[in-house]
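Participant: here's my sequence, what's the structure:
(chains A, B, C and D)
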There are 2 protein chains.
Amino acid sequence: MSQSSHASTASTLHEVARIAGVSPSTVSRILNGTARVSDDKRKAVEAAIANLSYKPNLLAQGLKKGRAMTIGILTQDLASPFFTEALMGVEAALAGSGYAPLIVSGHWHADEEAERVELLMARRVDGIVILSGSLSDKQIGRFAERLPIVATGRRIDTGQARGIALDQLEGARLATDYLLELGHRQIAFIAGLPEHDDARARLAGYRAALEAAGIAFNPALVVQGNFQESGGLLAVNELLETRQRFTAIFCANDQTAYGARLALYRRGIRVPDDISIIGFDDLPNSNYTTPPLTTVRQPVYEMGKQAARTVLQLLNGETPTLTQLPLELIMRESARRIL
Amino acid sequence: MSQSSHASTASTLHEVARIAGVSPSTVSRILNGTARVSDDKRKAVEAAIANLSYKPNLLAQGLKKGRAMTIGILTQDLASPFFTEALMGVEAALAGSGYAPLIVSGHWHADEEAERVELLMARRVDGIVILSGSLSDKQIGRFAERLPIVATGRRIDTGQARGIALDQLEGARLATDYLLELGHRQIAFIAGLPEHDDARARLAGYRAALEAAGIAFNPALVVQGNFQESGGLLAVNELLETRQRFTAIFCANDQTAYGARLALYRRGIRVPDDISIIGFDDLPNSNYTTPPLTTVRQPVYEMGKQAARTVLQLLNGETPTLTQLPLELIMRESARRIL
DNA sequence: GTTTAGTATGAAACCGTTTTCAAGATCAAG
DNA sequence: CTTGATCTTGAAAACGGTTTCATACTAAAC
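Facilitator: Coordinates of the predicted model:
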């Protein structure tokens, strides 16, 4: 018994025209400032608009103009602080541009991601920002035949596709070097998901730093995580059971570090007194863990911002100005000099 | 020198019709299954669709049907885990419904929120979910004259507006009772922002529980926070300086608890051995703090889900089935019996 | 006063769909 | 065979805007 939903229907440009006693064309012209209009008509139209509290139908506008004033954002996990921070950057870049973000989530699954991108295109978004994910460069390239796309975590620069990549390997080297500098020699590594480019690059950075310092890579010290707290926890337990000696743990990301830290806490192992921990990402929370987490800061906010700005530039036919964003070691209290 | 953006234009229903040698009406009918169509034409059309990889223009569809298949979501802070979890719930409820969420953020500022809602309506969203915020019930009521709105954190039930409120007072009582039960008698409270309804309700719950237990309310034990880590940290410092004795701290939310915990850590005060801490929200992270945080779980995911589901029901003319969602005490390791 | 250029405005076409309406085709019943 | 009912299909109008085009009107130039 559908309570006859009394949705008072919105007013249209035609009504405004009728009330003001002018033609629709004139109203449109006034709205867009696309031609001069006599003062009296303008007054009348403005009065009518205020009166009806008329707001143009963005759907109709988008259809006619061929620009929906929307940027599609493909994220992977709404709950992950990493992605939300990037989202904040995107939001900031889009603010005031007239473009609204349409956010969809792919959940790290290539098929779902492709489907979501199709959805965005069906909604006729004007451009797309892809935050990481598992789509192949080729697929992205194909999508980019239709509209500008900026993807993070990859290096592409073809047609209307751009990539913004952070130097993960360098970041991992930064972290490892720091531990080495503090005197650590047995450094465990909790890896991310191997199908993940970034994860492999970080592992590579860890190895590279070790080798540069003349320390043999010990496979027994690297154990698989999953980029989540649970993986860090399990990994540390595993590590402890193998009875390998180590004085520091480098975690593939901060969430992993949180889990690792809890595992140590459970066994009464002190951080950083007994074991040092270093993370990767610098999530907002890492400033408030006990102890505050030493980590490698990824400028994800700036990355999101730059990605969105680049899409906007592509849309305006400008040549985008992509600058390499640096990773940075954030020294807090979870790692200390070995005695 | 706008590099002639080669956006290969998307195919339209008319092209499909032309290629298949039928009228646009027929194509539309096949797409929507709105009438029977002879087998040969259907085959031809399906071939043409696959051939052109045609996807209907959702903008045009929305314009024509008067339904944009979009639900507007007004959130406050993309970075806050509280809101993102609600967002996840919304996403889950919308999945497979054909409706896409259009997420905008109001940043806790009533003016901005109103403006964002206007924007959503200009985009002709079919319904709106408002996650908390500072809009007055009256304003929401006015918006709800045009479309269905479900708002969390309030009790409204007028026309097309619905509210989903959690019993904050009860939650705070749960937490306080638990501490009392553990033998605590001097319980500090770090309050949220006073202009925030929930914050006041939680304070009231704390007082109610105290009084029910025959313990005099001590104003010196409640200190102002800001719902953020920084506020918790400052508040604990303040508390410690007043030299008031207390054995437990009840924090208005988990983020506050994180800050409080760090302040204690800095002074070498152990949790829970020296002081117990209890939070409110049960953010995902609270399972991985050291020690894991005892807290009151707010079912925000379910709340977001229910909110979105309710909008959908309102849209279909069904009478929504709103069930009160219970708060729940999550006992972890940050609070313990006093000796 | 006629011609020219320029201005303000409205009519109508269009964006890509859906849907009403009417017509043509098919077929069973009489 | 008609007749009427049923089914398939296309033409055209509509959704709410923008934009091209044409026109009536001024104002300037000769």
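
Participant: what about A:Ala165, how many residues nearby?
Facilitator: The burial count assigned to A:Ala165 is 18, neighbours taken as other Cβ atoms under 10 Å in any protein chain shown. Placement of C-beta: from N, CA and C, glycine included.

Participant: was I right about it contacting A:Arg155?
Facilitator: Yes - between A:Ala165 and A:Arg155 a contact is recorded at 5.0 Å, counting by Cβ atoms under 8 Å.

Participant: pull out the buried positions in stretch A:113-128.
Facilitator: Applying a neighbour-count criterion of 16 or more other Cβ atoms under 10 Å in any protein chain shown, one finds A:113-114, A:116-117, A:119-128 buried in stretch A:113-128.

Participant: now those in CSV, with distance to B:Gly98, pLDDT and secondary structure?
Facilitator: Below are the buried residues of stretch A:113-128 laid out as CSV (distance: Cβ to Cβ, whole Å; pLDDT from 0 to 100; DSSP: H, G, I helix; E, B strand; the rest coil):
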residue, distance to B:Gly98, pLDDT, secondary structure
A:Glu113, 19, 96, helix
A:Ala114, 18, 96, helix
A:Arg116, 14, 95, helix
A:Val117, 17, 96, helix
A:Leu119, 10, 94, helix
A:Leu120, 15, 96, helix
A:Met121, 16, 96, helix
A:Ala122, 11, 94, helix
A:Arg123, 12, 95, coil
A:Arg124, 16, 95, coil
A:Val125, 17, 97, coil
A:Asp126, 22, 97, coil
A:Gly127, 24, 97, strand
A:Ile128, 21, 98, strand
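
Participant: go through those residues and say which is closest to A:Ile278.
Facilitator: Nearest to A:Ile278 out of the buried residues of stretch A:113-128 is A:Glu113 (Cβ to Cβ; 30.9 Å).

Participant: from DNA strand C, how far off is A:Arg207?
Facilitator: Distance of A:Arg207 to DNA strand C, given as Cβ to the nearest atom of the strand, to the nearest Å: 51 Å.

Participant: revised request: answer the last question for A:Gly153.
Facilitator: From A:Gly153 to DNA strand C the distance is 32 Å (Cβ to the nearest atom of the strand).

Participant: with A:Leu169 instead?
Facilitator: From A:Leu169 across to DNA strand C, the span is 45 Å (Cβ to the nearest atom of the strand).

Participant: interface residues of the stretch 1-150 of chain A facing DNA strand D?
Facilitator: Within the stretch 1-150 of chain A, the residues that sit near DNA strand D (Cβ under 7 Å from any atom of the strand) are A:9-10, A:12-14, A:24-25, A:27-29, A:31-32, A:34, A:54, A:56-57, A:60-61, A:63-65.

Participant: let's see which of those residues end up in helices.
Facilitator: Using DSSP state H, A:13-14, A:24-25, A:27-29, A:31-32, A:60-61, A:63-65 are the members of those that sit in helices.

Participant: quickly run through the sheet partners of the lowest-mean-pLDDT helix or strand in chain A, with directions.
Facilitator: Ranked by mean pLDDT, DSSP states H and E, the weakest helix or strand in chain A is strand A:157-158, scoring a mean of 90. If you go by DSSP bridges, strand A:157-158 pairs up with strand A:161-164 (antiparallel).

Participant: near A:Thr323, how many other residues are there?
Facilitator: 8.

Participant: now swap in A:Ile215 and tell me
Facilitator: For A:Ile215, using other Cβ under 10 Å, the count is 16.

Participant: over to A:Lys43?
Facilitator: Residues near A:Lys43, counting by other Cβ under 10 Å: 11.

Participant: you'd agree it is in a helix?
Facilitator: Yes - according to DSSP: H, G, I helix; E, B strand; the rest coil, A:Lys43 belongs to a helix.

Participant: gap between it and DNA strand D?
Facilitator: Taken as Cβ to the nearest atom of the strand, the span from A:Lys43 to DNA strand D is 18 Å.

Participant: check A:Thr310 too.
Facilitator: Applying Cβ to the nearest atom of the strand to A:Thr310 and DNA strand D gives a distance of 25 Å.

Participant: look at that residue and give its secondary structure.
Facilitator: helix.

Participant: contacting residues around it?
Facilitator: With contact set as Cβ atoms under 8 Å, 6 or more residues apart in numbering or on different chains, A:Thr310 has these partners: A:150, A:162, A:164, A:320, A:322.

Participant: repeat for A:Pro81
Facilitator: A:283-285, B:79, B:81 are the contacts of A:Pro81 under Cβ under 8 Å, 6+ apart.

Participant: just the helices in the stretch 201-339 of chain A please.
Facilitator: A:229-241, A:254-266, A:300-315 (DSSP state H, counting those that start in this stretch).
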